[in-house]
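> Sequence and computational prediction follow.
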Amino acid sequence: MAVIIVAKNLEVTLLLDFYGDMLTENQRNFLGYYYNDDLSLSEIAQNEGITRQGVRDAVKRAENQLFEMENRLGLAKRFQQVHLGLTEIVACANEINDFNMRNMLSREVNDAVVKIRSIASSLVE
């Protein structure tokens, strides 16, 4: 159960990074307090001068909006796919470099590996 909660928290945090600007300022703030600052619903309610139920409703509504935006646009999923692909590309470049160092010692292969790593690194940032 705890793993599921952590996974959801990470997912909401990621979606907030992608789609947070599309939420209202209050929704962004409440999600930020709840997920990033780890405040309880009661603490947020007390700080904002509203009921705990009001905070809960706002958080749930904002979460639903984030998940709906991701279902429609898929930006976070695409980002993760690209990141994984770049990680695999770098791993393959490292394997090619290792093979080159053990066998051929080709300068051209070495230069290509350096270029691949550089491009992949710049795209990850």
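Here it is on my side, so go on.

> what's the closest non-adjacent residue to residue 43?
Leaving aside its chain neighbours, residue 43 sits nearest to residue 33 (7.7 Å; criterion: Cβ to Cβ, 6 or more residues apart in numbering). To be clear about C-beta, it is placed using only N, CA and C from the backbone, and glycine gets the same treatment.

> go on, residue 15?
Ranked by Cβ to Cβ, 6+ apart and with sequence neighbours excluded, the top spatial neighbour of residue 15 is residue 66, at 4.0 Å.

> next one: phi and psi at that neighbour?
phi -60, psi -50 (degrees, to the nearest 10).

> list the contacts for it?
With contact taken as Cβ atoms under 8 Å, 6 or more residues apart in numbering, residue 66 is in contact with 12, 15, 16, 19, 23, 31.

> Please apply the same query to residue 48.
Neighbours of residue 48 in contact, by Cβ under 8 Å, 6+ apart: 30, 55.

> Let me see the domain layout of this protein.
2-73, 78-124 (automatic domain parsing).

> of all those, which gets the most neighbours per residue?
Mean neighbours per residue, mean count of other Cβ atoms under 10 Å, is largest over the domains of the chain for domain 2-73, with a mean of 15.

> what's the distance between the residue nearest the centre of the chain and residue 79?
Nearest to the centroid of the C-alpha atoms of the chain, with distances taken as Cα atoms, centre = their mean, sits residue 14, at 3.9 Å. Per Cβ to Cβ, to the nearest Å, residue 14 is found 8 Å from residue 79.

> go on, residue 102?
Between residue 102 and residue 79 the computed distance is 35 Å (Cβ to Cβ).
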